[in-house]
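S.K.: sequence below, structure please.
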Amino acid sequence: MRAAGSERWRAEPAETKGTRMIRTSLPARPTSRLLALVGAVALTPTTALAAPPDSLTYAKVEAPLLISIRDVGKLADTVAAMTGELGLPGEIAMGPQLAQMMLMTPGLNKNGSATIVLYPPDDDHFEMRGVIVAPVSDYTQLMNVVGGDAEAGVASFEMQGEPAFARDLGRGYAIIGPEHDFVQNYSPGADVMQRHTARLGEVGGRVAGEADVVIVASPEVMEMILREGSGMAQDAARDQAGAFGFGDAVDQAGGAANEALDRFLADARVGVIGLTIDDAGVSIDLATQFNDDSELAGMFTHAGRSAEMISRLPATGYWLAWSADADAPGLGMVTRAVAAMAGMGEDAGDAATGLAGVVGASPAVLQTGVLSRTAVYVRSEQGEQLAGAIGEAMRAMDGQDQGGMSYHTTFEPGAKQIEGVSVASYSVQTEMAAPNGDGDQQEFNPMMAMMDPQAINQIMFGPSSSGPSGYVAATEGGMIQTLTRSESFMAAALTAANGGKSLAGDERLGVSSSRLPAGRAFEAYLALDSIAQTAAPMLMLAGVIPEAPQFGQMPPLALGVTTDAGGFRARLVLPKEAIKMVAGFATPLMMGGGGDWDDEGGDEDW
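M.R.: Predicted coordinates for the structure are as follows:
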């Protein structure tokens, strides 16, 4: 939008008002610009407010899709500043700059809230339809600028050569859209904000009250998006797996995924996406509030304690750290299944009330292996029994052939005294199973035939290893296991597991952790700086990059999941430093390997 006198805003001739053919979709250019702002919302500052964006007051609760911005001016200003700080190409930076210009139009409230109300295509409409609830400081002044009649019930004007219509809603808002009848008949109804609050529920309401941009989707929109995405993923997996003879397995997994999706959609009341940012970086929320009294609502009732188990992991440099609270019904089945599959048995798996793990960073990964500094903590009141269950599983596995592999294991209780604790040692060696007496491979696995187990073990556990080995010990409130025979690492693990110095004291992890929602049932941290510092020299040696860049320390990427109040919420935290790192790699690629971004199409009229 430009100021008064712009050739892009032309009043529709009086004799043609109301006679032009109405489009069934929003005008492409103004709508795409506003949606582009929504897409760039990750660059708008966070204001932790309890209430949803104010413009939802005029947004129909029944609308299939709502995109609500808390403060459009703050969004545009911060996006413009961030794109400049990241050094993104000019055409990308142009979007928020144009939005800033548009918001300077007299009569618009630059720092007001706005909501886009959208209706997907249906049997009567082939394109998406909708309106914008726009913030205005002076509706009459705005109509004078764009050439509309403020006194008319529905003002008519042209917007970038396309018909547009507006109606004053009062209380600082106007409705703007491309269809006269849609604008004229639009009515949000009574008690709108109260009904939005009830629809969002407690979990959706948390996201809507905290985020700067909120996207609210009906179950029908969620189904359309999720089924299409699931179908595409299954088709891709089937194409890849079919070449190796695993097509049937993919079909079975796809059937299970479809059943889970059916169950999810049957219980989902609303889907909510929240996008925010502060000086530390970007946060993205994905949430679902389930129908009251539904099966899933009954499962998601527990405020988790996954944060407590991070304090049971050893203080170490790391690539990945995670924890899951098995007491949370929504995650408990998965967590206990993982414990059982780890060799603890079903009974022992049921005894686990939580799992946490860390994959420590190794400065000499080619010599020590990717998993050489890995520790797993199991929270349980039966730590001694869990350690014993691992020993029984190890002894039962020794000499077994499964899935085309042969296993040779050892387990020695009381092998060492570390930090005053008696610890058991174990080892697992794997190799391709020998042919049976008929010359056939035992339980032939086509995937194993294309792999070298020894090479995999060397990558994971070091060049001299044929499988994992480490220590196991009961601790205060659980059990700790390492995938290395390093006594110093086991000592650090025991110290943390028994309440001493731990990974929770890592300052950078604390920065990301503080941005996650409270009451988490699951959380994970990915140290992008440590991974890059390890990978860069190898990429340089392989000739992929000319030199290994230096990376400064930064907070990790973080994911936190809550499973309480009858809903599900996942928040992804992207630190500002990580965004800069990715932008530094991505921008040259976008510019064609260093070419001038503006060489072609630089004068395109946006």
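S.K.: and the contacts of the longest helix along the chain?
M.R.: Longest helix in the chain by number of residues (criterion: DSSP state H): helix 219-242. Residues from elsewhere that reach helix 219-242 (C-beta atoms under 8 Å, 6 or more residues apart in numbering): 64-65, 120, 217, 247, 249-251, 253-254, 257-258, 261, 264-265, 268-271, 288. To be clear about C-beta, it is placed using only N, CA and C from the backbone, and glycine gets the same treatment.
S.K.: flag every buried residue along it.
M.R.: By neighbour count on 16 or more other C-beta atoms under 10 Å, the buried set for helix 219-242 is 219, 221-223, 226, 234, 237-238, 241.
S.K.: and what of stretch 489-502?
M.R.: Buried-residue list, stretch 489-502, by 16+ other C-beta under 10 Å: 489-498, 502.
S.K.: same deal with stretch 300-315?
M.R.: 300, 302, 304-315.
S.K.: among the contacts of helix 219-242, which ones are in helices?
M.R.: Counting by DSSP H, the part of these found in helices is 247, 249-251, 253-254, 257-258, 261, 264-265.
S.K.: can I get the buried part of those as one ChimeraX selection?
M.R.: Of the ones in helices among the contacts of helix 219-242, the buried ones go into a single ChimeraX selection, burial set by 16+ other C-beta under 10 Å:
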select :250,254,261,264,265
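S.K.: out of the ones in helices among the contacts of helix 219-242, who's nearest residue 515?
M.R.: Nearest to residue 515 out of the ones in helices among the contacts of helix 219-242 is residue 264 (C-beta to C-beta; 26.6 Å).
S.K.: wait, doesn't that closest one sit right on residue 294?
M.R.: No: between residue 264 and residue 294 there is no contact under C-beta atoms under 8 Å: 10.3 Å.
S.K.: what is the longest strand of this protein by residue count?
M.R.: Across the chain, the longest stretch assigned as strand under DSSP state E is strand 405-418.
S.K.: okay, now the sheet partners of that strand, with direction.
M.R.: Strand pairing for strand 405-418, determined by DSSP bridges: strand 401-402 (antiparallel), strand 421-432 (antiparallel).
S.K.: among the ones you listed, show the one with the smallest mean pLDDT.
M.R.: Set side by side, these differ in mean pLDDT, and strand 401-402 is lowest with a mean of 76.
S.K.: give me the below-cutoff pLDDT ranges for the stretch 201-350 of the chain.
M.R.: Applying pLDDT under 70 to the stretch 201-350 of the chain picks out residues 242-246, 329-350.
S.K.: which stretches of the stretch 51-200 of the chain form helices?
M.R.: For the stretch 51-200 of the chain, the helices defined by DSSP state H, counting those that start in this stretch cover 72-86, 90-103, 139-146, 180-185, 192-210.
S.K.: so which of those helices gets nearest residue 276?
M.R.: Here helix 192-210 is closest among the helices of the stretch 51-200 of the chain (C-beta to C-beta), at 6.6 Å.
S.K.: next, the buried residues of that closest one.
M.R.: For helix 192-210, using 16+ other C-beta under 10 Å, the buried residues are 192-193, 196-197, 199-201, 203-210.
S.K.: go through those residues and name the one nearest residue 572.
M.R.: For these, the minimum distance to residue 572 (C-beta to C-beta) is 12.6 Å, reached by residue 207.
S.K.: burial count for residue 149?
M.R.: 18 (other C-beta atoms under 10 Å).
S.K.: and the residue lying closest to it once chain neighbours are set aside, what does it touch?
M.R.: Nearest residue to residue 149 in three dimensions, chain neighbours excluded: residue 155, at 5.2 Å (C-beta to C-beta, 6 or more residues apart in numbering). Going by C-beta under 8 Å, 6+ apart, residue 155 touches 143, 148-149, 165-167.
S.K.: same check on residue 559?
M.R.: The contact partners of residue 559, by C-beta under 8 Å, 6+ apart, come to 516, 522-525, 570-573.
S.K.: of the buried residues of stretch 300-315, closest to residue 181?
M.R.: The closest of the buried residues of stretch 300-315, once distances to residue 181 are taken by C-beta to C-beta, is residue 300, at 41.8 Å.
S.K.: got the phi and psi for the closest one?
M.R.: When read as degrees, to the nearest 10, the backbone of residue 300 gives phi -100, psi 80.
S.K.: surely it meets residue 561?
M.R.: No: if you go by C-beta under 8 Å, residue 300 and residue 561 don't touch, sitting 10.3 Å apart.
S.K.: which residues do those two both contact?
M.R.: Listed as contacting both residue 300 and residue 561 by C-beta under 8 Å, 6+ apart are residue 568.
S.K.: residues in contact with the residue nearest to residue 533 when sequence neighbours are not counted?
M.R.: Closest residue to residue 533 apart from its sequence neighbours, by C-beta to C-beta, 6+ apart: residue 551 at 5.5 Å. Neighbour list for residue 551: 529, 532-533, 536, 581 [criterion: C-beta under 8 Å, 6+ apart].
S.K.: for residue 551, which three-state class applies?
M.R.: coil (DSSP: H, G, I helix; E, B strand; the rest coil).
S.K.: any idea how far it lies from residue 142?
M.R.: Counting by C-beta to C-beta, to the nearest Å, the gap from residue 551 to residue 142 is 49 Å.
S.K.: circling back to that earlier point, format the helices of the stretch 51-200 of the chain as a markdown table; extra columns: distance to residue 418.
M.R.: Shown next, in a markdown table, are these (distance: least, C-beta to C-beta, whole Å):
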| stretch | distance to residue 418 |
| --- | --- |
| helix 72-86 | 47 |
| helix 90-103 | 54 |
| helix 139-146 | 73 |
| helix 180-185 | 72 |
| helix 192-210 | 44 |
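S.K.: nearest to residue 112, out of those helices?
M.R.: So among those, helix 72-86 is nearest, using C-beta to C-beta, at 6.6 Å.
S.K.: the closest one packs against which elements?
M.R.: If contacts are counted by 3 or more C-beta pairs under 8 Å, 6 or more residues apart in numbering; DSSP states H and E, helix 72-86 sits against helix 28-39, helix 90-103, helix 576-590.
S.K.: and the second one, what does it pack onto?
M.R.: It stands for helix 90-103. helix 28-39, helix 72-86.
S.K.: same thing but at 10 Å, please
M.R.: Under the contact criterion of 3 or more C-beta pairs under 10 Å, 6 or more residues apart in numbering; DSSP states H and E, helix 90-103 touches helix 28-39, helix 72-86, helix 576-590.
S.K.: rank those helices by pLDDT, which is bottom?
M.R.: Among these, helix 28-39 carries the lowest mean pLDDT (a mean of 37).
S.K.: so which of the contacts of residue 551 wins on neighbours?
M.R.: Comparing the contacts of residue 551 by number of neighbours (other C-beta under 10 Å), residue 529 comes first, having 21 neighbours.
S.K.: for residue 425, list each beta-bridge partner.
M.R.: Bridge pairing for residue 425 (DSSP bridges) gives the partners residue 412, residue 471.
S.K.: wait, what's in contact with it?
M.R.: Counting by C-beta atoms under 10 Å, 6 or more residues apart in numbering, residue 425 touches 410-416, 469-472, 482, 485, 490.
S.K.: at 6 Å instead, please
M.R.: 412, 415, 471 (C-beta atoms under 6 Å, 6 or more residues apart in numbering).
S.K.: from those, pick the one nearest residue 95.
M.R.: Once C-beta to C-beta is applied, the member of the contacts of residue 425 that ends up nearest residue 95 is residue 471, at 54.9 Å.
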